[in-house]
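Trainee: missing the sequence, but the structure's below:
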């Protein structure tokens, strides 16, 4: 008997070594479906604001009521940093990607930095991705399949149209299509997906679940483009938002309605296809983009800022087995950062040893999510210097306990509310935002919101307007007590000098330790020359000249730090110059039109006088 016990014990140890996901026959590692949504704000899920949102989200409300609501789930203020933090378990600054990458940038995750799919596959998982990447694709090795996924179907970048998947440089210049499927064996195919991106991503994710082999747990990363602009919802989705008076908010609402239906379908299919031993997590990548229909009320500001509206998002998780996290609509109010998911998932897989020595910023929150315990006491929300940013601005934000500090240039210091008329409801009552909003609306009416999304809408509001705000305030330090003041209305930096000093010292320490920061706004002017042909037979909306697809354009051995050799150019300077030229042309056109109208009116008046005399 003793001999058999020893043999059984040795056999058990061998199983543990050969299969790190093995944690006993009763509790194998769970399937993980991680759903990243784009630019969805604090007030955009009904459950999160006690049913006061203008956007109907019945499926999301039901799922959050069955699962765990993460009420202090923090991300970074823009998409690339949050995605980098999720993929690596590190704060964005420690990945070298502190801001959203520009199209044509050669930046990406560092080669030597382990990623979530790589680590989970070491733990015995199968790993697949569907949807938006936005973490670099100049080289094959920067792409999803180059960074650990077995397959990827979707887009490399951002700002693609929902139906055509086109990206535009400006209203008169299309870049091409951003959609395809890649496998880690080096094969790929580019095809013009005719369905709405939300529908296409959902269906492809279901295919991945159907194809999954049960001998391994599945990690499926589903990354939706919605509700990011351009705002192009399905007509029946927007019809559910007809009560909203503001155009952009109404269109945005339609995008979120589409997400609500998609997430409901995905969770149902996960239950049917993967079984009860599955955890589904839903989180936005940053706060709502307030000049594109998003809303974070009552939190301050939104995307592109480290105020709560930009970094605190409505996240929730659904544990179909009830083994790993709290359920029944419980609320987890302790701090959680998006970088925490990597060590937490590995803990669920029984493979926490894989992150030993990696120096992660993310914390294992498995016990906190299961037993409602405090794990994280501090979080770095944003950090870049004036040398690290495209517009020469600087920003640092850090929270410890109840206290939060923001230091630098404030891109948007305002609060926003649900619009009661057809314009953005902002506390800035000056005339400039109205002029810019009306200008953008006019350009979108003429050219469409896809062609205008980056060059007109983005440059006018997210660059020119926010730069104006930044220059007005200057470099400033503000401290808030979030327990007493979650809307960040009362700066206590002067009344609490010791708190302020301690927070600043921590920020300085992070600054000194930050690694190399590539200049994400420096782009290769000829990067679109590498676009490749693809199959556009199923997409009647594309012309033959538009049937070209985003692809990698540099060899994997290329030194990405040599900007001179690569011929990189400053994309911000180019865009501003183009916008100024466009505005000048518009002014000239308006003057000419006014002159023509004046002449016609004068001729009509003269003709009328002659007729009276006769």
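Mentor: Received the coordinates, thanks. Worth saying up front: this structure is predicted, and the values here are computed from it rather than measured.

Trainee: Which parts of the stretch 401-550 of the chain are strands?
Mentor: 403-409, 416-417, 425-426, 475-481, 522-523 (DSSP state E, counting those that start in this stretch).

Trainee: Which one, of those, ends up nearest to residue 223?
Mentor: strand 522-523 (22.6 Å; Cβ to Cβ). (Each C-beta comes from the backbone N, C-alpha and C, glycine too.)

Trainee: packing partners for the helix or strand encompassing residue 261?
Mentor: Using DSSP states H and E, the element containing residue 261 is helix 247-274. With contacts taken as 3 or more Cβ pairs under 8 Å, 6 or more residues apart in numbering; DSSP states H and E, helix 247-274 sits against strand 31-37, helix 58-66, helix 197-211, helix 235-239, strand 278-284.

Trainee: for those, which one sits closest to residue 110?
Mentor: strand 31-37 (20.8 Å).

Trainee: Partner strands of the closest one and their direction?
Mentor: strand 218-223 (parallel), strand 278-284 (parallel) (DSSP bridges).

Trainee: who touches that strand?
Mentor: Among residues not part of strand 31-37, those counted as contacts by Cβ atoms under 8 Å, 6 or more residues apart in numbering are 83, 86, 120, 125, 131-132, 205, 209, 212, 217-224, 226-227, 259, 263, 266-267, 270, 274-275, 277-285, 341, 345, 348.

Trainee: Including distance to residue 441 and mean neighbour count, could the strands of the stretch 401-550 of the chain go into JSON lines?
Mentor: Listed next are the strands of the stretch 401-550 of the chain as JSON lines, based on distance: least, Cβ to Cβ, whole Å; neighbours: other Cβ atoms under 10 Å:
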{"stretch": "strand 403-409", "distance to residue 441": "27", "mean neighbour count": "23"}
{"stretch": "strand 416-417", "distance to residue 441": "18", "mean neighbour count": "20"}
{"stretch": "strand 425-426", "distance to residue 441": "15", "mean neighbour count": "18"}
{"stretch": "strand 475-481", "distance to residue 441": "32", "mean neighbour count": "18"}
{"stretch": "strand 522-523", "distance to residue 441": "28", "mean neighbour count": "22"}
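
Trainee: what's the closest of those strands to residue 609?
Mentor: In terms of Cβ to Cβ, the element of the strands of the stretch 401-550 of the chain nearest to residue 609 is strand 425-426, at 49.6 Å.

Trainee: And the buried ones among the contacts of strand 31-37, selectable in ChimeraX?
Mentor: Only the buried members of these end up in this ChimeraX selection, burial being decided by 16 or more other Cβ atoms under 10 Å:
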select :83,86,120,125,131,132,205,209,212,217,218,219,220,221,222,223,224,226,227,259,263,266,267,270,274,277,278,279,280,281,282,283,284,285,341,345,348
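
Trainee: For residue 11, give me the pLDDT.
Mentor: Looking at residue 11, its pLDDT reads 35.

Trainee: looking at this structure, which helix or strand is least sure?
Mentor: helix 2-18 (a mean of 39; mean pLDDT, DSSP states H and E).

Trainee: looking at it, residue 395 is touching residue 381, isn't it?
Mentor: No - with contact defined as Cβ atoms under 8 Å, residue 395 does not reach residue 381; the gap is 9.3 Å.

Trainee: okay, and the common contacts of the two?
Mentor: Taking Cβ under 8 Å, 6+ apart as the criterion, residue 395 and residue 381 both touch residue 306.

Trainee: and of the helices and strands packed on helix 247-274, who's closest to residue 356?
Mentor: Short answer: strand 31-37, nearest of those by Cβ to Cβ, at 20.8 Å.

Trainee: ok and the helix holding residue 261 relative to helix 58-66, angle-wise?
Mentor: With axes from the mean of the first three to the mean of the last three Cα atoms, to 10 degrees defining the directions, helix 247-274 sits at 60 degrees from helix 58-66.

Trainee: Could you list the low-pLDDT ranges of the stretch 451-600 of the chain?
Mentor: 574-584, 586 (pLDDT under 70).

Trainee: and if you look at the chain?
Mentor: Residues of the chain that meet the cut-off, pLDDT under 70, sit at 1-26, 574-584, 586, 612-614.

Trainee: mind listing what's buried in the helix holding residue 261?
Mentor: Per 16+ other Cβ under 10 Å, helix 247-274 contains these buried residues: 247-267, 269-270, 273-274.

Trainee: and the residue lying closest to residue 402 once chain neighbours are set aside, how many residues sit next to it?
Mentor: Leaving aside its sequence neighbours, residue 402 sits nearest to residue 483 (Cβ to Cβ, 6 or more residues apart in numbering; 4.1 Å). Using other Cβ atoms under 10 Å, residue 483 has 9 neighbouring residues.

Trainee: Double-check residue 483 against residue 399; I have them as touching.
Mentor: No - contact between residue 483 and residue 399 fails when scored by Cβ under 8 Å: they sit 11.1 Å apart.

Trainee: Pipe the strands paired with strand 31-37 into CSV and attach distance to residue 433 per row.
Mentor: Shown next, in CSV, are the strands paired with strand 31-37 (distance: least, Cβ to Cβ, whole Å):
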stretch, distance to residue 433
strand 218-223, 31
strand 278-284, 24
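
Trainee: what's the closest of those to residue 521?
Mentor: strand 218-223 (22.7 Å).

Trainee: Next, the residues that contact the closest one from outside, please.
Mentor: 31-36, 38, 83, 116-117, 120, 125-133, 149, 154, 201-202, 205, 208-209, 212, 266, 274, 345.

Trainee: beta partners of residue 282?
Mentor: residue 35, residue 316.

Trainee: If the nearest residue to residue 125 once chain neighbours are set aside is in a bridge, with which residues?
Mentor: Using Cβ to Cβ, 6+ apart and skipping residues adjacent in sequence, the residue nearest residue 125 is residue 219, 4.7 Å away. Residue 219 has these beta-bridge partners by DSSP bridges: residue 32, residue 127.
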